[in-house]
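**Q** coords please:
(one chain, ligands or ions: 2)
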Amino acid sequence: MALLPVAEAIAQLRATATPACAVEAVPLVAALDRVLGESVISAVHVPPADNSAMDGYALRHADWPGPDQAMPVALRIAAGSAPGTLPPGTAARIFTGAELPAGADTVVMQEHTRSGDGTVVLEQLPASGGNVRPRGQDIAAGQEVLAPGVLLRPQELGLLASIGLSSVPVRRRLRVAIISNGDELIEPGESLAPGQIYNSNRYLLQGLMARWGFEVLDHGIASDDPARIEQVFAAAAASADVLISTGGVSVGEEDHVKGVVERLGELSLWKIAMKPGKPLAFGRVADTPFIGLPGNPASALVTALVIARPFLFDLQGRSGALVEPLPMPAAFSKTGSPRQEYLRVRREDGQLQRYHNQSSGVLLSACWGDGLAVQTPGQEIEPGTPLGWLPYERLY
Ligand code: AMP
Ligand code: MG
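**A** Ligands and ions are numbered 1, 2, ... in the order given. Below you'll find the model as predicted:
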């Protein structure tokens, strides 16, 4: 069977994704790192009225008497006070952020003025409208300010506040069940018996799901026993929007996930043209979508970031599922391979260094590095060859 290209695998998965999370209203203070559920249209102008960008004097541009003539100062307007109306031929003392009085259209900065007793000389006049921030300059009423699917960062919270919203429509958090498969696994904190290893994928996946803002339903370790796996998978499917497991999806005799998922739903085993991470299972348990990641920790990490992430983002209703790698030159040589390789790399002096051991079991490669470099199928790498670089933080 021909290997499935990475982009094809991602596209096939995404084609089956239907948003799983309803929209709910949360207070603005609780909206950080949530996904916006609906388009936000501003009901107000920002700023709501013409206001001064400077400390200085506001006047009607046409009223300026020239650089030597004093004008009477008829008003004093601080930020926060109602501005009133400017009588013809007069100026208003005004401060940054204060609304312009009716009749004024221009502000002279204070550095270009000389004040007298109840009067001011405006030594220089900017163009009409100078030093004024017009109403609606930042945001016009009726304008869409945020599109559905965006992740709400601190700046988005500030923006939502600036248009007066105290409650935000966000998507319910995606509920992701995680399961670790393998008889050899025990939990950190226990002591290792012969044949055992510590379960690292559980914590790796917990971390990823938390970073992506999902709710984690952790089902712990399912042993390599079909009855136990079936029980755990059925329970997980009943409570989650999506199931993710690691391990047990190769075709070894002890890999029972395949049989169980086929009994409870349906399953495709994909051989993806990627390294690490060739075997990947995809299907559903009852009606809940299921992704079975490889057991080797570096493979689990890479397939979660590259293959599962776009699908999970679609289920969550979050935009930005696909991340474009940044071009960055290699500092090493490597021959081409038929599969797309995701090398654990680190940027040093504008070049990508790769960890000396790229084995799919070596998680230290990912901790040493700051991202993945994409080597496309057949690509020969020499020092200076531009690679696609995916810094981890862009994938979180
Ligand atoms: P499998 O996909 O079950 O054949 O596992 C492939 C390799 O990954 C084996 O060496 C497993 O021991 C290892 N492995 C599977 N699951 C985990 C896990 N949760 N933590 C650490 N290593 C694992
Ligand atoms: Mg196993």
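
**Q** what are the phi and psi angles of the closest residue to Glu382 other than its chain neighbours?
**A** The shortest distance from Glu382 to any non-neighbouring residue, by CB to CB, 6 or more residues apart in numbering, is to Ser333 (5.4 Å). Quick note: C-beta positions are derived from backbone N, CA and C, even for glycine. Torsion angles at Ser333 (phi, psi; degrees, to the nearest 10) stand at phi -110, psi 150.

**Q** what do you get for Arg202?
**A** Here is the backbone geometry of Arg202 (degrees, to the nearest 10): phi -60, psi -40.

**Q** got a list of what it touches?
**A** By CB atoms under 8 Å, 6 or more residues apart in numbering, the contact set of Arg202 is 178, 180, 187, 218, 220-221.

**Q** So it versus Arg284, what's the distance?
**A** Distance, Arg202 to Arg284, by CB to CB, to the nearest Å: 22 Å.

**Q** At the geometric centre of the chain, which residue sits there?
**A** Leu151 (5.4 Å; CA atoms, centre = their mean).

**Q** Is that residue in contact with Asp33, as I believe?
**A** Yes - Leu151 lies in contact with Asp33 (CB atoms under 8 Å); the separation is 6.6 Å.

**Q** Overlap in contacts, those two.
**A** With CB under 8 Å, 6+ apart, Leu151 and Asp33 have common neighbours Gly213.

**Q** Quick check: residues of the stretch 251-396 of the chain near ligand 1?
**A** 252, 294-297 (CB under 6 Å from any ligand atom).

**Q** Show me which of those are buried.
**A** Applying 16 or more other CB atoms under 10 Å to those, the neighbour count classes 294-297 as buried.

**Q** how about those in TSV, adding distance to ligand 2, secondary structure and pLDDT?
**A** Converted to TSV, these look like this (distance: CB to the ion, whole Å; DSSP: H, G, I helix; E, B strand; the rest coil; pLDDT from 0 to 100):
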residue	distance to ligand 2	secondary structure	pLDDT
Pro294	10	coil	94
Gly295	5	coil	94
Asn296	10	coil	96
Pro297	12	helix	97
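
**Q** and those, which two are the farthest apart?
**A** Greatest spacing in those, by CB to CB: Pro294 and Pro297 (9.1 Å).

**Q** Mind listing the shared neighbours of these two?
**A** Taking CB under 8 Å, 6+ apart as the contact rule, Pro294 and Pro297 both touch Ser360.

**Q** Make a ChimeraX selection of the buried ones in the contacts of Arg202.
**A** Command for ChimeraX, covering only those of the contacts of Arg202 found buried under the criterion 16+ other CB under 10 Å:
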select :178,180,221
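
**Q** what's the farthest-apart pair in the contacts of Arg202?
**A** Of all pairs in the contacts of Arg202, the most separated under CB to CB is Ile178 and Glu187 at 13.8 Å.

**Q** Does the residue nearest to Glu382 touch Pro383 like I think?
**A** Yes - assessed by CB under 8 Å, Ser333 is found in contact with Pro383 at 6.5 Å.

**Q** what's the biggest helix by length in the chain packed up against?
**A** Ranked by residue count under DSSP state H, the longest helix found in the chain is helix 226-239. The contact analysis (3 or more CB pairs under 8 Å, 6 or more residues apart in numbering; DSSP states H and E) places helix 226-239 against strand 175-181, strand 215-222, strand 242-246, helix 257-264, strand 279-285, strand 288-293.

**Q** ok, so what distance separates the residue of the chain found nearest ligand 1 from Ser245?
**A** Residue of the chain nearest ligand 1, by CB to the nearest ligand atom: Gly295 (2.5 Å). According to CB to CB, Gly295 and Ser245 sit 9 Å apart.
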